[in-house]
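J.: give me a model of this one.
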Amino acid sequence: MAALLLIPFSYAFLSRYREDMPFYLTIEYAPAFLVTVLFGELAVMENVASYLLSFLAFISIYEIGYLVNDYVSIRWENKPRLRGVMEATPLLLALWTTSRLVTFYLVSLYLAPRAGAGYWLFFAFLSIIFAAHNLLKRKEFKVCTFYWLSICRFVCSTIWHIERQVLTELLVAGTILYSGFRLLGYLESKELLFLPNRKSSEFRLLYYSLPLPLALALALDGQLSPFPILAVYYFVCAVLATLLGRRSQTARAVAEGNG
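T.: As a prediction, the model looks like this:
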């Protein structure tokens, strides 16, 4: 296990994503890939390669934040969530961190020259925000850092190869369609917000139907842009999740009835 955790993304997957991978694929990775395909300014395969390498660079730094959170910051949390995959000595933590820093450096040799100075500023900002998130002790302050971390997550795999003129609209789409929805869940998990029906299909459908009029207004100018496409994408996902949920509920009710 310790050797496996030297590989970037392995810790995030085992500690957080394994049980909810369909959720992350739907709400995070697939939209970023869609943006890459539609708005990438390179050749198709170069865009895909840049998407994968950009994510690898991001997760290499982001997982260091996870390691600090799970093995260091947890010590002063009132109600900690025990997410550490295994017992870890300082040496293991150092090795896991080093493997990610080396990976980030190697990937950056390809990405940074094309992206320019903004590349290093982005990852410096990400590191500072995650460090602040781990060091802050008041959970209401962590809301601010979580929000910005979510924005970084949304754009991390796309901003180095998409057309510059669509970046602003992509950020707007991310803050409304992704970060806003994730923030509600974070607030509730920290007991800073009480929304009894937040996980219901009705809430999800309402949340993702409200941006559609704005998406339609932006689409009427005839130009392809991120917000309308992503608004429709998330709404369709909400509809499909509702239909699948009702189907599984029906199947469960039938099975219980037969039992």
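
J.: just the helices in the stretch 101-250 of the chain please.
T.: Using DSSP state H, counting those that start in this stretch, the helices of the stretch 101-250 of the chain run over 117-135, 139-155, 167-173, 180-189, 201-209, 212-219, 226-258.

J.: report the angle between the axes of the first one and helix 139-155?
T.: What it means is helix 117-135. Compare the direction of helix 117-135 with that of helix 139-155 by axes from the mean of the first three to the mean of the last three CA atoms, to 10 degrees and you get 150 degrees.

J.: who's in contact with L240?
T.: Residues in contact with L240 (CB atoms under 8 Å, 6 or more residues apart in numbering): none are found. For every residue, glycine as well, the C-beta is placed using N, CA and C.

J.: what sits closest to Y119 if chain neighbours are left out?
T.: A112 (4.7 Å; CB to CB, 6 or more residues apart in numbering).

J.: what's the neighbour count on R83?
T.: The tally of other residues near R83 (other CB atoms under 10 Å) stands at 14.

J.: correct me if wrong: it contacts V68.
T.: No: between R83 and V68 there is no contact, the gap being 12.0 Å when judged by CB atoms under 8 Å.

J.: chain neighbours aside, what residue packs nearest to the residue positioned nearest the centre of the chain?
T.: Here the mean C-alpha position of the chain is nearest to the C-alpha of R153 (CA atoms, centre = their mean), at a distance of 4.3 Å. Once its chain neighbours are removed from consideration, R153 has its nearest residue in E28; the separation is 6.6 Å (CB to CB, 6+ apart).

J.: same question, N47
T.: Closest residue to N47 in three dimensions, ignoring its sequence neighbours and counting by CB to CB, 6+ apart: G40, at 3.3 Å.

J.: rounded mean pLDDT for stretch 137-153, please.
T.: Per-residue pLDDT values over stretch 137-153 give a mean of 95.

J.: buried ones in it?
T.: Within stretch 137-153, the residues that count as buried by 16 or more other CB atoms under 10 Å are K139, K142, V143, T145, F146, Y147, W148, L149, S150, I151, C152, R153.

J.: related to what we said a few turns ago, for A32, find the nearest of the helices of the stretch 101-250 of the chain.
T.: Closest of the helices of the stretch 101-250 of the chain to A32 is helix 139-155, at 7.3 Å (criterion: CB to CB).

J.: run through who's touching that closest one.
T.: Residues outside helix 139-155 that contact it (CB under 8 Å, 6+ apart) are 28, 31-32, 58, 62, 122, 125-126, 129-130, 132-133, 136, 167, 170-171, 174-175, 178-179, 182-183, 186-187, 190, 192.

J.: separate out the buried members of those.
T.: 28, 31-32, 58, 62, 122, 126, 129-130, 133, 170-171, 174, 178-179, 182-183, 186-187.

J.: need the helices of the stretch 101-250 of the chain in JSON lines (columns: distance to Y17).
T.: Below are those laid out as JSON lines (distance: least, CB to CB, whole Å):
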{"stretch": "helix 117-135", "distance to Y17": "17"}
{"stretch": "helix 139-155", "distance to Y17": "12"}
{"stretch": "helix 167-173", "distance to Y17": "23"}
{"stretch": "helix 180-189", "distance to Y17": "14"}
{"stretch": "helix 201-209", "distance to Y17": "20"}
{"stretch": "helix 212-219", "distance to Y17": "29"}
{"stretch": "helix 226-258", "distance to Y17": "18"}
